[in-house]
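In: what's the 3D shape of this:
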Amino acid sequence: MGGGGARAAYQVGVLRALARRHPNLEIPVLTGVSAGAINAVHLAAHPGNFQEAVEDLARLWGSLTVEKVFRVDPRSLSWHALRALLQLGSGGLIGGAGIRSLVDTSPLRAFLQEALGVGDGPIPGIQEKIDAGRLRALGISTSSYSTGRSVTWIAGSPGVVEEWERPLRRSRRAEITVEHVMASAALPLFFEAVEIEGEWYGDGGIRLASPLSPVIHLGAHRILAISTRFERTAEEAARPDWNGYPPPAHIMGQLTNAIFLDLLDQDAWRTETVNHLLRKLPPGERGDFKVLELLTLRPSRDLGRLAGDFEIRLPGLFRFLLRGLGTGELKSPDILSLLLFEHGYLTRLMEVGERDGEARMGELTAIIDPEGARPPPSQEEPPPDALQRARQRRLRRRAGESGVAAGNESVDISVGSQETPERASPPGESPPD
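Out: The predicted model follows:
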């Protein structure tokens, strides 16, 4: 599960739809980055079945407010803004210690500790599920400001889950704590970095150039990736978001999208392209590479545009500061959607996620139970290539937006034409990685 700040509530909606159909589902490998790390850790630590875990997670998001994520009282916001101005205006001579963040995120730490039933130690429940065979591995990705590398913290049984290292990214075995989650979710500049084992870490999306890499390294063959990025049509993408000089909020939104959302789509496209090439090779000539079955589910609604409807509900001074960046002038204020931890907006995102999950339940069922959910692939017709699949996804999304009732049937047909992935051993790494 990827990042996106408050947008991660959308992922919970998708999970709710899946849990209603498959209440006892066991997901062997869970990975999360940024706000998605909160969802992944909660599922990994929860002792109940899948539906119970998801419903508890939905209640947590439903109870979340801006005040439970960072301090928005006038004194705290004014103090952080004043320190920043003093340091910038004095060349660092005035303002005390260096600026660490624009807001104080101590409320989020307290919220997570209470929700997960833990203080400073390892989060209870994760190792118990690993020992019981209900969980193979958990991976939480962070970015090291100290070394400039992406670091994925992993929990799993030794001998079953091994560490890896690649240029500018590596994994480290750890007992997952709230500090790992806080580090993964620490939006750069807005949230304070977190010190872990002598190094400073921030949002995992900053340095994670290949978002699918951790779950592949942890042994997954079938992958469900829940994105929070709305896929525009070609006509929408060609239409300017802003006429005239872009305000800071628009530039910041473009920057955060590039860091936290766009890379998953690129990685998914590369994976599907490599899958198509591998299917052209006989299994004996594929070496350690394997065909991965990947389903990327993304919102059918523009979550940034939805955020504009709820901005008025934010605390007064915080809303004033955001509007100073230009959020009120934008049709789709993406930077606002990352910070809009407001009950109405979060509830709306979960509702959109549930509808999208139900609309694509055929594909979701196929990814968790491919043999039981669809007939074997036809031997007379090759599987569609990456471009065909992308076109089919766009058509399904447009059909869902126009209210076509038979959307699930088209999902079943398109999924049924895919080839069942090879189970190569040992698990290798896809070429995009």
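In: What's the local residue count around Arg348?
Out: When neighbours are counted by other CB atoms under 10 Å, Arg348 registers 20. From N, CA and C alone the C-beta is placed, and that goes for glycine too.
In: How about the secondary structure of it?
Out: Arg348 falls in the helix class when you classify it by DSSP: H, G, I helix; E, B strand; the rest coil.
In: Pretty sure it sits against Leu306.
Out: Yes. Counting by CB atoms under 8 Å, Arg348 sits close enough to Leu306 to count as a contact (6.1 Å).
In: What separation is there between the closest residue to Arg222 other than its chain neighbours and Val66?
Out: Distance criterion CB to CB, 6 or more residues apart in numbering; nearest residue to Arg222, sequence neighbours excluded, is Glu293 at 4.5 Å. Distance, Glu293 to Val66, by CB to CB, to the nearest Å: 39 Å.
In: My read is that the residue nearest to Arg222 contacts Ile223, right?
Out: Yes. Glu293 is in contact with Ile223 according to CB under 8 Å; the separation is 7.1 Å.
In: ok, these two, which is more surrounded?
Out: The residue with more neighbours, out of Glu293 and Ile223 and counting by other CB under 10 Å, is Glu293; that gives 21 against 18.
In: in the stretch 301-433 of the chain, what spans have low per-residue confidence?
Out: For the stretch 301-433 of the chain, residues meeting the criterion pLDDT under 70 lie at 370-433.
In: what sits against the residue nearest to Glu199 when sequence neighbours are not counted?
Out: Leaving aside its sequence neighbours, Glu199 sits nearest to Ser146 (CB to CB, 6+ apart; 4.0 Å). Ser146 is in contact with 199-201, counting by CB atoms under 8 Å, 6 or more residues apart in numbering.
In: can you give me the strands in the stretch 101-250 of the chain?
Out: Using DSSP state E, counting those that start in this stretch, the strands of the stretch 101-250 of the chain run over 137-144, 150-156, 165-166, 169-173, 194-196, 199-203, 222-226.
In: Just confirm Glu179 contacts Glu197, I think it does.
Out: No. Glu179 is beyond contact range of Glu197, at 9.7 Å (criterion: CB under 8 Å).
In: Please say which of the two ends up with more neighbours.
Out: Comparing Glu179 with Glu197 by neighbour count (other CB under 10 Å), the higher total belongs to Glu179, at 19 against 8.
In: Now for the more buried one: which residues touch it?
Out: 120, 194, 196.
In: In JSON lines: the residues you listed, plus distance to Leu112.
Out: Putting the contacts of Glu179 into JSON lines (distance: CB to CB, whole Å) gives the following:
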{"residue": "Asp120", "distance to Leu112": "12"}
{"residue": "Val194", "distance to Leu112": "12"}
{"residue": "Ile196", "distance to Leu112": "15"}
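In: Now the buried members of these.
Out: Among these, those classed as buried by 16 or more other CB atoms under 10 Å are 194, 196.
In: Looking at the contacts of Glu179, spot the one nearest Leu314.
Out: Relative to Leu314, the closest of those is Val194; by CB to CB it sits at 25.3 Å.
In: how near is the closest one to Tyr201?
Out: Here Val194 is placed at a distance of 5 Å from Tyr201 (CB to CB).
In: same thing with Thr177?
Out: 12 Å.
In: and those two? which has more neighbours close in?
Out: Set Thr177 next to Tyr201 and count neighbours by other CB under 10 Å: Tyr201 wins out with 26 against 22.
In: Does anything pack onto the helix or strand where Arg323 lies? Which helices or strands?
Out: Assigning secondary structure by DSSP states H and E places Arg323 in helix 316-324. Contacts defined by 3 or more CB pairs under 8 Å, 6 or more residues apart in numbering; DSSP states H and E place helix 316-324 against helix 74-89, helix 334-339.
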